[in-house]
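>>> starting from these lines, generate the structure:
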Amino acid sequence: MYELLKKDGRAKRGRLHTVHGDIETPVFMNVGTAAAIKGAVSTADLQQIGTKVELSNTYHLHVRPGDQVVKKMGGLHKFMVWDKPILTDSGGFQVFSLAGLRKIKEEGVYFQSHIDGHKIFMGPEESMQIQSNLASTIAMAFDECPSSVADRDYMQKSVDRTTRWLKRCKAEMDRLNSLPDTINKHQMLFGINQGGIYEDIRVAHADEISKLDLDGYAVGGLAVGESHEDMYRILDEVVPHLPENKPTYLMGVGTPANILEAVDRGVDFFDCVYPSRNGRHGHVYTKHGKLNLFNARFELDDRPIEDGCGCPACQMYSRAYIRHLLKAKEMLGMRLCVLHNLYFYNHLMEEIRDAIDAGRYKEYKEETLRGFETPED
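Just a heads-up that it's a prediction; the model follows:
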């Protein structure tokens, strides 16, 4: 159940009650594709840096180690030793990202494994069964994520099929949650709004799926090549057509600036690989924007990545030392950068929640965005 605690303009401050604990929103979900954060970050680390929700990938865990293995191990929480909420995506994004390895039919999608080429079929029922075996807190409906530049005719047909698939997902999730051997009988289901950058298709789809009274609603198919202006325009149009009394999730977004803008448009949930991916390449986030620690100017810099930061990297190590580790290709350098970036994102969300609680979100957003554009002293 979702509680809307406060609104500040269109920004929402909420709380989602789940079987694995409450989620305070807005929230950023730390992405652990294969049940681990890339960069040698453990679940103990996630606890230390203030992670509220972890996100894992249905397709990747189905391929390896296999969802039946995870079920036999007691579900994803026990498998990875994590006691807070987990969201699993549906495998639908791989319909987009593995375009050269799949064929879409009404019954579902035929894949070739990106690992060994063996054939895989995944439809709405199979996606729900895999996610039930993983026993995540929140399961995502199986959808097609079309290219943002797909023509109108293809987009409409794709969205119509996604709606049909969503109804099949809901029926299958209800069935699975009633079975005696299901690990998490309280698994939630979020539906996904699609439609590319066609406002009318998006709005009509939002109205249609809102009738299904799901546990939450995501906006998918953005941050896949369209401009930021198009993304914000679509959010302006679509979010008001999704239920205010349910969480709204913007999938795969994004930069700190994207998050600040999307919160201002009523979004609750976010995920993105940026903080971990950029960290592994020595790019770290600060209140003054992003730094590349490979730059020579940090060779003798004895400051932490960010003054006042409470992350494990900033509590102990200098920019100069972390730069040395990165240049020497020591894994510790990547690990420290990833820990810092995830802490930065998690702490940013805490500040966002506090600003909405205080009724000053607009001011906080403008101050923070200005800070990103102001070089450090």
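
>>> poorly predicted segments of the stretch 251-377 of the chain, please.
For the stretch 251-377 of the chain, the stretches with pLDDT under 70 are 377.

>>> in it, which spans are strands?
269-271, 283-286, 289-292 (DSSP state E, counting those that start in this stretch).

>>> mean neighbour count and distance to residue 367 for the ones you listed - can I get that in JSON lines?
C-beta coordinates here come from the backbone N, C-alpha and C atoms, glycine included. Shown next, in JSON lines, are the strands of the stretch 251-377 of the chain (neighbours: other Cβ atoms under 10 Å; distance: least, Cβ to Cβ, whole Å):
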{"stretch": "strand 269-271", "mean neighbour count": "25", "distance to residue 367": "20"}
{"stretch": "strand 283-286", "mean neighbour count": "22", "distance to residue 367": "15"}
{"stretch": "strand 289-292", "mean neighbour count": "16", "distance to residue 367": "14"}
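
>>> export those strands to JSON lines and tack on distance to residue 29?
Shown next, in JSON lines, are the strands of the stretch 251-377 of the chain (distance: least, Cβ to Cβ, whole Å):
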{"stretch": "strand 269-271", "distance to residue 29": "4"}
{"stretch": "strand 283-286", "distance to residue 29": "17"}
{"stretch": "strand 289-292", "distance to residue 29": "21"}
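
>>> which of those strands sits closest to residue 327?
strand 289-292 (12.2 Å; Cβ to Cβ).

>>> adjacent strands (with direction) for that closest one?
Strand 289-292 has these partner strands in its sheet, going by DSSP bridges: strand 283-286 (antiparallel).

>>> contacting residues for the residue nearest the centre of the chain?
Nearest to the mean C-alpha position of the chain, by Cα atoms, centre = their mean, lies residue 271 at 2.2 Å. Shown in contact with residue 271 (Cβ atoms under 8 Å, 6 or more residues apart in numbering): 28-31, 55, 87, 251-253.

>>> residue 173: neighbour count?
Residue 173 has 24 neighbours, counted by other Cβ atoms under 10 Å.

>>> is it in a helix, a strand, or coil?
helix (DSSP: H, G, I helix; E, B strand; the rest coil).

>>> how many other residues sit next to residue 263?
28.

>>> now residue 316
Neighbours of residue 316 (other Cβ under 10 Å): 10.

>>> can you give me the helices in the stretch 151-300 of the chain?
Secondary structure of the stretch 151-300 of the chain, counting by DSSP state H, counting those that start in this stretch: helices at 152-177, 199-210, 228-238, 256-263, 274-280.

>>> columns distance to residue 299 on top of those helices, output as a markdown table?
Shown next, in a markdown table, are the helices of the stretch 151-300 of the chain (distance: least, Cβ to Cβ, whole Å):
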| stretch | distance to residue 299 |
| --- | --- |
| helix 152-177 | 50 |
| helix 199-210 | 49 |
| helix 228-238 | 34 |
| helix 256-263 | 27 |
| helix 274-280 | 20 |
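
>>> all strands for the stretch 1-150 of the chain, in order.
Going by DSSP E, counting those that start in this stretch, the stretch 1-150 of the chain shows strands at 2-8, 11-18, 21-25, 27-31, 54-56, 86-88, 102-104, 109-112, 119-122, 138-140.

>>> what packs against the first one?
For strand 2-8, the helices and strands in contact under the criterion 3 or more Cβ pairs under 8 Å, 6 or more residues apart in numbering; DSSP states H and E are strand 11-18, helix 331-357.

>>> select, out of these, the one closest to residue 286.
Closest among these, using Cβ to Cβ: helix 331-357, at 7.3 Å.

>>> got the angle between the closest one and strand 2-8?
Between the axes of helix 331-357 and strand 2-8, defined by axes from the mean of the first three to the mean of the last three Cα atoms, to 10 degrees, the angle is 70 degrees.

>>> got the buried residues for helix 331-357?
Residues of helix 331-357 classed as buried by neighbour count (16 or more other Cβ atoms under 10 Å): 333-349, 352-353, 355-356.

>>> can I get the strands of the stretch 1-150 of the chain in CSV with mean pLDDT?
Listed next are those as CSV, based on pLDDT from 0 to 100:
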stretch, mean pLDDT
strand 2-8, 98
strand 11-18, 98
strand 21-25, 98
strand 27-31, 98
strand 54-56, 98
strand 86-88, 98
strand 102-104, 80
strand 109-112, 81
strand 119-122, 87
strand 138-140, 98
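
>>> right, so those strands: which one is the most enclosed?
strand 138-140 (a mean of 28; mean count of other Cβ atoms under 10 Å).

>>> that one pairs with which strands?
When DSSP bridges is applied, strand 138-140 pairs with strand 86-88 (parallel), strand 188-193 (parallel).

>>> picking that back up, who wins for proximity to residue 305 among the helices and strands packed on strand 2-8?
helix 331-357 (5.2 Å).

>>> off-centre distance for that closest one?
14 Å (Cα atoms, centre = their mean, to the nearest Å).
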